[in-house]
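1. Curious how this folds, go ahead:
(one chain, ligands or ions: 1)
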Amino acid sequence: MAYNLLKGKKGLIFGALNEQSIAWKVAERAVEEGAEIVLTNTAVSIRMGTIGRLAEKCRTIVVPADATSVADLENLMDRTMEHFGGKFDFMLHSIGMSPNVRKGRTYDDLDYDYLSKTLDISAISFHKAIQVARKKDAINDWGSIVALSYIAAQRTLYGYNDMADAKALLESIARSFGYIYGREKHVRINTVSQSPTQTTAGSGVLGLGDLMSFAENMSPLGNASAEDCADYVLTLFSDLTRKVTMQNLYHDGGFSSMGMSRRAMKTYEKGMRFDDVHQNQYPFGKEETK
Ligand SMILES: NC(=O)c1ccc[n+]([C@@H]2O[C@H](COP(=O)([O-])OP(=O)(O)OC[C@H]3O[C@@H](n4cnc5c(N)ncnc54)[C@H](O)[C@@H]3O)[C@@H](O)[C@H]2O)c1
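-> Numbering: from 1, shown residues only. The predicted structure is shown next:
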């Protein structure tokens with residue numbers, strides 16, 4: 001259902017790769033709510049993914065940009081303003097990638113060149129995009145910037161690896177830049193900490209299926225889907241949230257406030273009984289079962 005929440009607004013959306021992408025859902029919903037958008041992704045992702053179809057549907061352009069390259073971002077902001085004929089109102093950073101995760105390097109055996117890339121792609125690119133936008137005065141007063149985060153920034157979750165460090169940095173950038181951009185132009189900057197979601201980036205997380213089922217069992221409202229996430233992000237782009245800034249906002253069905261739920265306890269009990277029966281067949285060493 002559309003509410004015309006973004007009527008007359010214009011926005012730049014990073015990170016739609018395919019139909020599963022959270023950014024894809026945000027783009028579709030933003031247009032439904034009356035916004036005009038410009039899409040961007042890396043040249044490789046544009047070739048490999050299906051963003052062209054989204055652009056057609058949203059009647060817009062796709063501008064290639066590697067979000068770690070300041071030169072690409074400068075070109076992107078210029079072309080976006082050219083397309084809109086002026087400044088825009090919102091920006092979504094929906095970008096994440098860890099070469100350590102991709103190459104199977106565990107957190108106690110990180111490759112540090114890969115770690116730099118993880119941080120650059122998944123967090124520092126957020127700083128770069130905001131800095132370039134601000135220097136070019138690309139965003140209207142009372143505009144809104146959102147990036148997507150995950151609770152591994154606050155709590156240790158097995159398998160999330162160096163992406164946890166990237167998310168902690170991402171959330172810190174939202175606070176630090178939120179102060180500067182807020183006091184000058186009333187531009188607000190927030191991160192949305194989303195439930196585990198089945199997407200290309202999500203599939204890289206070790207044991208995503210188990211993590212999703214654990215989070216589903218723990219959350220009173222169940223996991224938030226990519227579509228739910230898009231709805232929430234739209235409210236942050238709308239005029240209804242003009243005084244919300246520098247926040248990490250949990251969008252996770254209540255997961256972040258839970259300690260233990262009845263459903264998760266039941267599953268855990270069953271698992272314990274299974275372990276007792278199959279103790280000698282357990283495939284991992286003692287440490288790995290923790
Ligand atoms: N899927 C989940 O479980 C989940 C949960 C919480 C937060 N998030 C976050 O949501 C965001 C979107 O991820 P998604 O789950 O929709 O997966 P996705 O794979 O669809 O999106 C990730 C995007 O990052 C883009 N990207 C990678 N390197 C880039 C670069 N150098 N420059 C520009 N773009 C680049 C990819 O092309 C892709 O479009 C990420 O920040 C992710 O960490 C995902």
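
2. Doesn't residue 4 lie inside a helix?
-> No: Residue 4 is assigned coil when assessed by DSSP: H, G, I helix; E, B strand; the rest coil, not a helix.

3. That one touches residue 34, doesn't it?
-> Yes: the pair residue 4 / residue 34 is scored as a contact, 5.0 Å apart, by Cβ atoms under 8 Å. Every C-beta, even on glycine, is put in place using the N, C-alpha and C of the backbone.

4. out of those two, which sits in the busier spot?
-> Between residue 4 and residue 34, counting by other Cβ atoms under 10 Å, residue 34 is the more crowded of the two (14 against 11).

5. The nearest residue to that one once chain neighbours are set aside in helix, strand or coil?
-> Spatial nearest neighbour of residue 34, excluding adjacent residues (Cβ to Cβ, 6 or more residues apart in numbering): residue 7 at 3.6 Å. Counting by three-state DSSP, the backbone at residue 7 sits in coil.

6. what's the neighbour count on the residue lying closest to residue 59 once chain neighbours are set aside?
-> Computed as Cβ to Cβ, 6+ apart, the closest residue to residue 59 that is not its neighbour in sequence is residue 31, at 7.9 Å. Residue 31 has 19 neighbouring residues, counting by other Cβ under 10 Å.

7. what residues are up against residue 31?
-> 37, 57-59 (Cβ atoms under 8 Å, 6 or more residues apart in numbering).

8. who in the stretch 101-250 of the chain is up against the ligand?
-> For the stretch 101-250 of the chain, the contact set with the ligand under Cβ under 6 Å from any ligand atom comprises 121, 148-150, 194, 196-197, 199-202.

9. try 5 Å this time
-> With the criterion set to Cβ under 5 Å from any ligand atom, the stretch 101-250 of the chain comes near the ligand through 121, 148, 150, 194, 196-197, 199-202.

10. Can you select the buried ones among those residues for me in ChimeraX?
-> Selecting only the buried entries of these in ChimeraX, with 16 or more other Cβ atoms under 10 Å as the criterion:
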select :121,148,150,194,196,197,199,201,202
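
11. Just to be sure, which of the residues of the stretch 101-250 of the chain next to the ligand are found in strands?
-> Within those, residues falling in strands by DSSP state E are 148, 194.

12. Which members of the residues of the stretch 101-250 of the chain next to the ligand are positioned in helices?
-> Counted as lying in helices by DSSP state H, out of these, are 200-202.

13. ok, so of those residues, who is nearest residue 97?
-> Closest approach to residue 97 among these (Cβ to Cβ): residue 201, at 6.8 Å.

14. neighbours around the nearest residue to the closest one once chain neighbours are set aside, how many?
-> Nearest non-adjacent residue to residue 201, counting by Cβ to Cβ, 6+ apart: residue 96, 4.8 Å away. Neighbourhood size, residue 96 [other Cβ under 10 Å]: 27.

15. Check residue 88 too.
-> 23.

16. for it, phi and psi?
-> Per-residue torsions, residue 88: phi -130, psi 180 (degrees, to the nearest 10).

17. I'd guessed it sits against residue 79; true?
-> No: if you go by Cβ under 8 Å, residue 88 and residue 79 don't touch, sitting 11.6 Å apart.

18. Quick check: neighbours shared by the two?
-> residue 38.

19. Where do the helices of the stretch 151-290 of the chain begin and end?
-> Under the criterion DSSP state H, counting those that start in this stretch, the stretch 151-290 of the chain contains helices at 163-185, 200-203, 208-218, 226-237, 262-277.

20. if you compare those, which one is most tucked away?
-> Counting by mean count of other Cβ atoms under 10 Å, helix 226-237 has the highest mean neighbour count of the helices of the stretch 151-290 of the chain, with a mean of 20.

21. hang on, the earlier thing: show me the residues around the residue nearest to residue 201 that make contact.
-> 121-122, 148, 163, 166, 201.

22. and what of residue 256?
-> 151, 154, 193, 250.

23. pretty sure the third one is touching residue 152, no?
-> No: taking contacts as Cβ under 8 Å, residue 193 lies outside contact range of residue 152: 9.3 Å.

24. Below-threshold pLDDT in the stretch 151-290 of the chain: ranges please.
-> 274-290 (pLDDT under 70).
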